[in-house]
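Peer 1: Just need the structure, nothing else, for what follows:
(3 chains)
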Amino acid sequence: MKKTLGKPISRRTFVKATAGAAFIGATGPFILRHGLAADPLVIGVVSPASGNYADHGMMERLGMTMAVEEYKEKGVLGRPVKLVVEDDETDPQVGARKARRLIEVDKVKYLIGGVSSSVAVSVGEVAQRNGALYIASNQNSDTLTEQYGRRVQFMVPPDMAMALRTLAPYLVEKVGKRWYFLTHDYEWGWSGTKWARIVLQKFGGTDLGESKIPMNTRDFSAFLLKVRSAKPDALVLTVGGIDLAALMEQMYEFGIYKETTVVCTLINFEDLWAVGPDKMQGIHLMEWHHYIDAPGVKEFVAAYKKRWPATVIPVPTANTLNGYIGVREMLRGIERAGKDDVTAVIKAMEGHTSPDSLKHDPLTIRDWDHKFLWASYVVRSKKGSEMKDRTDFVEVLRWSPGKDTARTRDENKVNLGPYPS
Amino acid sequence: MMELLSFAMNGLVLGLIFAVVAMGFTLILGVMQVINFTHGILFALGAYFAFSMQRYVGFWFALILAPLLVGLVGLVLERLVIHRIYGSNPLFGLLVTFGLATGLEELIRMIWGKTGYSVAAPKFAAGSVDLGFMIYSKYRLLLAALAILIILLVWLFLEKTPYGAIIRAGASDAEMVMALGKNLPRMRTFVFIIGSILAGVGGVIAAPLWSVRPTMGTAILMPAMIIVVLGGIGSFWGSVLAGLIVGLSTSISVMFWARISDIIPFVILIIVLLFRPRGLMGEKSVLEV
Amino acid sequence: MGSAPSRRGWAASPMMWVLLGFAVFPFIPYAGRYLSLATEVVIWSLFALGFNILLGYTGLPSFGHGAFFGIGAYAAAITFLRLSPGVWGPLLAATVAAGLSAMLIGGLVARKRGIYFALITIAVSQVFYFVAFRWDEVTGGETGLSGIDRLDVGIPGLLTLKLANGLAYYYFVLAIFAVCLLLIWRIVHSPFGRVLQAIRENEVRASYLGYSTTVYKWGAFAVSGVFSGLAGGLYTLLINAAFANILDWTQSGNVVMMTLLGGGTVNFFGPILGAAIFIVSRDLLSAYWESWMLAYGMIFVLVILFIPSGILGLVGGKKQTILR
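Peer 2: Residues are numbered from 1 along each chain as shown, chains lettered A, B, ... in the order given. Okay, here's the model as predicted:
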């Protein structure tokens, strides 16, 4: 058994060395990150840079940086604004750890970011327990303003209720009343199908059935065969992430696009960019598109192109917009509050309306559920031949104001809880 | 009944893709006793190379060139890193290939970016064909044909060529090969290259189905591992048979209860191992010492 | 390895130094702020130490121990939310659930060795991962279970420790860690532990000596599972939640890496060092570089290639690895 130990090390040296390394390891980065300069206002970003949503995360961070840079000259409350970015790896456990570190070590009080709703749940929990503000910038789950609604948390993007109540009436009018559903088998997927069914029933349509698609499904042919035998007017799918890309490839492969109208209840530019126009024909719901004719949009797109001339995606996406607006509204809230205090900022944000939403309706931050209320857009995806450039994927058909489509107080009995003390 | 048939066909096609990938994995495992975690990323690289090439050379040339490039990557990995851990604790092989796979996934993100891409199926194979009892995707039939062809080619190589016989021997007892005077290190490098090429081929033919993403390799790795153990480590036909079983069971279980379809292959594996600890067609090998 | 108190007395034993180091950590300026990270280090050290009973001492390369950590984590979460909110209840549930699962699975895998052992442990742990991921009703599925508070512990009337406070919880975890550290030391230095090492050196010979090696391997598997589960339960209380990603095979890979990195195959304390370095550097690395995974992967490779017996193996002057 002796051979397993080897020469005994000097314990003192070992302890000293470890302590020294730990000290340098801890203080060095702290100094590097915050500098010894004037006390900046730090915003912690917890966003995916790896994992399945890395591309969405990248786009939202570009928008956040643009917002912070608008305050470069004057600062906020006389202080420079700084973004500290952490990778949540699209993993709730990692996201929570990063959030905790930002709060404990970097003393950050303002957090923003994320694409995965489950990460938002865990980050929001950390924020709540520590009295920090958290803006969920790119998640779409209804639960973030309901079961997981929190006084410290705000939700930027439209949720599934808003999305479907914008989209479904259009479908009923213009596409048909016999629908089949493909539901990604987790909370977000279920909520999309749920709201779609509610609207369908209201208009007296026919529910032809549903297929629940487990996450990380590679092969959809089994489901597509069921779709084919149902012969719906509209195939309403609430599927996201990498599964959506594979599904689109396979729908194209099976010629589903010719047999029915494919409808994505929420689609992102990043998804369209990945698969190309042939493979996402249909009517979809988008949160925003860079070619809509709302005030300020052209300038925003130009500013994006100037600031990020070399990015893979040459135009801002809804993720970019949400990141930008999320940071901007947070900073404006801090300014209105007049002090660096989370409760004051929350109160300053609640009920506020910003006309410059870069959408057709002004942005309102609702007080009782902290939902950002603004429009969603029904779009038709263009054929390759109709596109005037390689980003011109869709034609906007209709939009609905956020105020009209969001859940009412009767429909959502959330109690956000007390303000942080 | 018709529905069952369609599900079964899907399962077979899926199984064929799995079999092609698992074949490479089982050879590497059998000959070098390395659990090759880079197999998933090599699969992804096949898809990425095909994507980058396709607009210049078209589908068919990409089908041949992209896997060869992946084989080159495999060669580099083997010579630079992997050969150093042959013969040591299996964990080292796992961890080293795991580290390589993680690093390579990030490298893919750095080179090709974080967005997804699409690989087009060849024009003549687009759309569906009416088989009488069902309408099926043309591309999938093409894919099945390609996979069967590849399986046959590999089988021919292993069965009918002298070098193939040596590799088959090496899959159960590598040291015996050395005792017979053959160059073991070179054989191992060769096997790794072949395995990489097979993974790359899998990636190319699966790309039009599954879309190209940095994380696409992880979806093939776990099935490959199950298939290899189920079929018997080092066994060629074992991996083909097990690949088909896994593909079929996954597809058919979707018909009944989609949620557990991912777990079914594991359950089958555990049951089989209880009765046949070496897998369906495994033989006693040096791995058990 | 010798017995615990060396001839120079307790003050000089590495165990004292380790515990002392952890105890004073929160008071180090700047570094002491990383409190929850430090708590994680202690928890993972516990996990890795327990795991090392199997890896370093028995020589069995389990690549699926994340499953027991995860089972412990979920058992604690479910107990808290559905059965008995508290501290000891969930922790007990975590330990028992993981221990029982380890006993069950150990029975399946104890006969195997080497590659087969590794592969089967990966497969089994993936089953648990999928179950956690898909059984929404029980495990919360993709979203996991959250809202698990840390309540108070103590003797009513005499002493209460409010675990919701990060510092209090750190010391609570450290205390449990200290007890387990002693326990594990005792286990590996007991006759049972010596048989495990004999099995590691040469299983056939050990069986010729009359030991039922399968039973011993099974025992090692079960015991390591118990400590893994306890660590999982403590982790749930730390992050106030349980998520399915904890059961992913990459977590199992992480604990193997930690154990090897620190030198678990040559030194009892190796896993602790490995856990500390692994967690801290991974955290800092990802904060600095968006493409941190590249460096992370390369470090894995470099460590395995050049310091396979880990850091303590290097410092000890011997590069040989004892695992074959």
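Peer 1: Now stretch B:121-136: average pLDDT?
Peer 2: Across stretch B:121-136, the average pLDDT comes to 76.
Peer 1: gap between the two ends of it?
Peer 2: End-to-end distance for stretch B:121-136, by CA to CA, to the nearest Å: 15 Å.
Peer 1: Excluding covalently adjacent residues, which one is nearest to the residue in the stretch 51-200 of chain C that chain B sits nearest to?
Peer 2: Distances between the stretch 51-200 of chain C and chain B by CB to the nearest CB are smallest at C:Pro61, namely 4.2 Å. Any C-beta I mention is one placed from the backbone N, CA and C, and that applies to glycine too. In this structure, C:Pro61 finds its nearest non-sequential neighbour in B:Leu91, 4.2 Å apart by CB to CB, 6 or more residues apart in numbering or on different chains.
Peer 1: Isn't B:Cys150 up against B:Ala19?
Peer 2: You called it Cys, but residue B:150 is Ile. No: under the criterion of CB atoms under 8 Å, B:Ile150 makes no contact with B:Ala19, lying 9.1 Å away.
Peer 1: higher neighbour count, those two?
Peer 2: A direct count of neighbours by other CB atoms under 10 Å in any protein chain shown for B:Ile150 and B:Ala19 places B:Ala19 higher, at 32 against 20.
Peer 1: The host helix or strand of A:Gly44 packs against which elements?
Peer 2: Per DSSP states H and E, A:Gly44 falls inside strand A:41-47. Where contact means 3 or more CB pairs under 8 Å, 6 or more residues apart in numbering or on different chains; DSSP states H and E, strand A:41-47 is packed against helix A:54-70, strand A:81-87, helix A:92-104, strand A:110-112, helix A:318-337.
Peer 1: most tightly surrounded among these?
Peer 2: strand A:110-112 (a mean of 27; mean count of other CB atoms under 10 Å in any protein chain shown).
Peer 1: Could you export whichever helix or strand comes after it as CSV, CA atoms only?
Peer 2: Remark: after strand A:110-112, the chain's next helix or strand is helix A:117-130, criterion DSSP H and E. Only the C-alpha atoms of helix A:117-130 are listed here, as CSV (Å, rounded to 0.1, in the frame of the first residue of the first chain):
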residue,chain,number,x,y,z
SER,A,117,-37.6,29.4,-20.0
SER,A,118,-36.4,26.8,-17.6
VAL,A,119,-33.2,28.8,-17.1
ALA,A,120,-35.3,31.9,-16.5
VAL,A,121,-37.1,30.0,-13.7
SER,A,122,-33.9,29.2,-12.0
VAL,A,123,-32.2,32.6,-12.5
GLY,A,124,-35.4,34.3,-11.4
GLU,A,125,-35.4,32.3,-8.2
VAL,A,126,-31.9,33.4,-7.4
ALA,A,127,-32.8,37.0,-8.2
GLN,A,128,-35.8,36.8,-6.0
ARG,A,129,-34.0,35.3,-3.0
ASN,A,130,-31.4,38.0,-3.2
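Peer 1: average pLDDT for helix A:117-130?
Peer 2: The pLDDT scores in helix A:117-130 average 93.
Peer 1: is that helix anywhere near chain C?
Peer 2: Yes: on the criterion CB under 8 Å from any CB of the partner chain, helix A:117-130 is in touch with chain C at A:117-118, A:121-122, A:125-126, A:129.
Peer 1: follow-up on the earlier one: the strand holding A:Gly44 - which strands sit beside it in the sheet, and in what orientation?
Peer 2: As defined by DSSP bridges, the strand partners of strand A:41-47 come to strand A:81-87 (parallel), strand A:110-112 (parallel).
Peer 1: For the stretch 1-150 of chain B, which segments count as helices?
Peer 2: Secondary structure of the stretch 1-150 of chain B by DSSP state H, counting those that start in this stretch: the helices cover B:2-32, B:39-80, B:90-112, B:138-160.
Peer 1: Mind giving me the packing neighbours of the third one?
Peer 2: I take that to be helix B:90-112. Other helices and strands packing on helix B:90-112, by 3+ CB pairs under 8 Å, 6+ apart, are helix B:39-80, helix C:114-134, helix C:249-262, helix C:292-306.
Peer 1: Also the second one?
Peer 2: For helix B:39-80, the elements it packs on are helix B:2-32, helix B:90-112, helix B:184-210, helix B:218-231, judged by 3+ CB pairs under 8 Å, 6+ apart.
Peer 1: Rebuild those helices as JSON lines, extending it with mean pLDDT.
Peer 2: Listed next are these as JSON lines, based on pLDDT from 0 to 100:
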{"stretch": "helix B:2-32", "mean pLDDT": "88"}
{"stretch": "helix B:90-112", "mean pLDDT": "90"}
{"stretch": "helix B:184-210", "mean pLDDT": "92"}
{"stretch": "helix B:218-231", "mean pLDDT": "89"}
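Peer 1: Could you say which one of those comes nearest to C:Ile120?
Peer 2: Judged by CB to CB, the one of the helices and strands packed on helix B:39-80 that comes nearest to C:Ile120 is helix B:218-231, at 7.1 Å.
Peer 1: Is the closest one in proximity to chain C?
Peer 2: Yes: counting by CB under 8 Å from any CB, chain C has neighbours in helix B:218-231: B:222, B:225-226, B:228-229.
Peer 1: How about the stretch 151-300 of chain A, which of its residues are in the neighbourhood of chain B?
Peer 2: Residues of the stretch 151-300 of chain A lying close to chain B by CB under 8 Å from any CB are A:185, A:211-214, A:216-219, A:221-223, A:225, A:228, A:242, A:245-246, A:248-250, A:253-255, A:270-271, A:273-276, A:279.
Peer 1: Restricting to C-alpha, output stretch B:29-44 in CSV.
Peer 2: Output of stretch B:29-44 as CSV, limited to C-alpha atoms (Å, rounded to 0.1, in the frame of the first residue of the first chain):
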residue,chain,number,x,y,z
LEU,B,29,-13.8,0.0,-29.4
GLY,B,30,-13.0,-3.6,-30.3
VAL,B,31,-9.5,-2.9,-31.7
MET,B,32,-8.3,-0.2,-29.5
GLN,B,33,-10.5,-0.5,-26.4
VAL,B,34,-11.3,3.1,-26.7
ILE,B,35,-14.8,4.5,-26.0
ASN,B,36,-14.6,7.1,-28.7
PHE,B,37,-16.6,10.1,-27.6
THR,B,38,-15.4,12.1,-30.6
HIS,B,39,-17.6,9.9,-32.8
GLY,B,40,-20.5,12.3,-32.4
ILE,B,41,-18.5,15.3,-33.3
LEU,B,42,-17.0,13.5,-36.3
PHE,B,43,-20.5,12.8,-37.4
ALA,B,44,-21.3,16.5,-37.1
